[in-house]
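Q: attaching a predicted model along with its sequence, questions to come.
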Amino acid sequence: MPPKQNTNEPITEALRDAVNNCELSFQALEKETGVLRQSLMKFARGETGLLLSAADKLAAYFELELQPRKRKR
């Protein structure tokens, strides 16, 4: 069961959702991204965060990008 999402961590949430919804195995995702399988598994379970370099690799693979939020007035 995935951990509860924390709306204070939108980047982490987006990456974790992408990893958890990916149809590839952790081994295949490791091969595609260069992010260690153990890191992917712990991150997917919510046990740990990611190094920025690993987050960059995953974001590039899943075609995610950081954009500023529109402020409410």
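A: Happy to help now that I have it.
Q: give the contact list for the spatially most central residue of the chain.
A: Closest to where the C-alpha atoms of the chain average out (C-alpha atoms, centre = their mean) is L15, at 2.2 Å. For L15, the contacting residues are F43, L50, A55, L58, A59, F62, L64, by C-beta atoms under 8 Å, 6 or more residues apart in numbering. From N, CA and C alone the C-beta is placed, and that goes for glycine too.
Q: so for the top helix by length along the chain, what's the average pLDDT?
A: In terms of residue count, the longest helix belonging to the chain (DSSP state H) is helix 10-21. The average pLDDT for helix 10-21 rounds to 96.
Q: what about V35, which SS state?
A: The local conformation at V35, judged by DSSP: H, G, I helix; E, B strand; the rest coil, is coil.
Q: please report phi then psi for it.
A: Here is the backbone geometry of V35 (degrees, to the nearest 10): phi -90, psi 130.
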